[in-house]
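# Give the three-dimensional model of this entry:
(2 chains)
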Amino acid sequence: MYKFHKKEKLCNRDEIKNLFVKGQSFLIYPFSVRYTTKLNINSPKVHVLLLSPKRYQKLAVNRNRAKRLIRESYRLNKESIIQFSKTQACDITIAISLVSNKIPLYIIVEQTIINIIDRIIQNTQNQIENHTQNNK
RNA sequence: AGCAAUUCUUGUUCUAUCGCUGGUAGAUUUUUUUCUACGAGAGGAAAGUCCGGGCAACAUAGAGCACCAUACUACCUAACGGGUAGGCAAUAUUUAUAUAUUGACAGCAAGUGCCACAGAAAAUUACCGCCUUAGCAAUAGGGUAAGGGUGAAAAUGUGAGGUAAGAGCUCACACAAUGGCUUAGUGAUAGGUUGUUGGGGUAAACCUUAUGGGUUGAAAGACCAAAUAUAUCAGCAUAGAGUGGCUCGCUCGUUAUGGCUGAGGGGUAGGUCGUUGGAGGCUUAUUGUGAAGUAAGUCCUAGAUUAAUGAUAGAAGCCUUUUUUAAGGUACAGAACCCGGCUUAUAGAGAAUUGCUUUGU
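Alright, predicted model coming up:
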């Protein structure tokens, strides 16, 4: 149920480059999100990239802490987006990065992560609808 | 008992739920994978990347220059710019012995340079002064480093002789530097004796002397190897048919290339090794002032690669405050090839030594 294997992480260097060049982005404080979607794929998957940049967190301990918080909250709340991708047959890659000097509490992280996931789902749904209308 | 300094040791624990990365065993699957069980999973500094070494690749006939680093002695160590023990110097305490701390601690008596302001002059000095020669005098020339004041620093200090006036110019004593001999010491060095000298500072100024250094770091390096394109080779097909260049264009001519299948080298994505058992830790005995050495016993599975070692909830322990029940706090900080050091950060707890204060006997 709540597993989080390496397959679900984004490891390929070219895909990461592609994500940061072409991806759409929005900000829900204290996180900034970039994501891309590919439509009409046979075996759809969701890839995630978790970031805590050195610019905001100087010490390695704090960076690890922030990453772990994001990971846990994503792990427990990822079910909806996976189901969405399966039903709509689209590939989604997401990058979530912390944009704050302070490490937030776990409750705040969890709420914002849920918000982020909902927003991505809505946006992609709109995109799909537009796509189908254009085809018609 | 309290306070301070130094050194050393340590660096909170448990439960539940949901997870992550390796290992072993079993099941599943052609393999990859997936599942289950068991057990493992950050530090004293993992940090800074400042030294030294292992390991790897490349380079390498020999010598010199340049560049960089180091610079009292002996020892320890695989090695070091590290450590231990000592010498010397400076500083602090002290009547003193002594104790503690610090130390780019070779050379300015090889050469070159620099020394703000003040001062006559910052190193072949001469403003006032003193003496002397010329001159009626003003002044000019010469001698001098005693006296004056400046400065962080002014030609070693005191006394006597000496002189036109003076001067280490000479002598005595003292001070400093340095060479020889001798005593003690493995040695740095110290004591004694004797000779020479009196040279301002600065080498964290260039420089000189001695010693050492090949360069790059695990993103080193070795191996396996999809897809796509393809050097080369083989077979089949096509013959002067097609395409490109030469031509403004056309024709002729000339030149280059070749379609399919298979083998195949290099090599990208990706993967495997390197990669964690070692100059290893602990205990005891023993040698040594000590750093350390020797012997015996015993113990030891972190190994990621967009990067695991966690999150949440609860409880306990410790510290502080206080209304005695609550509140707050619980450091510094996260492995990345591996070792030995150094430096820096660090809540709290414990041990030892030294010093001071107070109380009791």
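# which phi and psi does A:K54 have?
phi -70, psi -20 (degrees, to the nearest 10).
# OK, contacts around it?
A:R63 (C-beta atoms under 8 Å, 6 or more residues apart in numbering). Just so you know, the C-beta spots here come from the backbone N, C-alpha and C atoms, and that holds for glycine as well.
# What's the separation between it and A:L27?
Going from A:K54 to A:L27 by C-beta to C-beta, to the nearest Å gives 19 Å.
# Quick check: residues of chain A near RNA strand B?
A:1-7, A:9-13, A:16, A:49-51, A:59-61, A:64-65, A:67-69, A:71-72, A:75-76, A:105-106 (C-beta under 7 Å from any atom of the strand).
# so where is chain A shaky, pLDDT-wise?
Low-confidence segments of chain A (pLDDT under 70): A:1-2, A:11-14, A:40-44, A:135-136.
# Spatially central residue in it, please.
A:I94 (3.2 Å; C-alpha atoms, centre = their mean).
# so it is in which element?
Of the helices and strands defined by DSSP states H and E, A:I94 is found in strand A:90-98.
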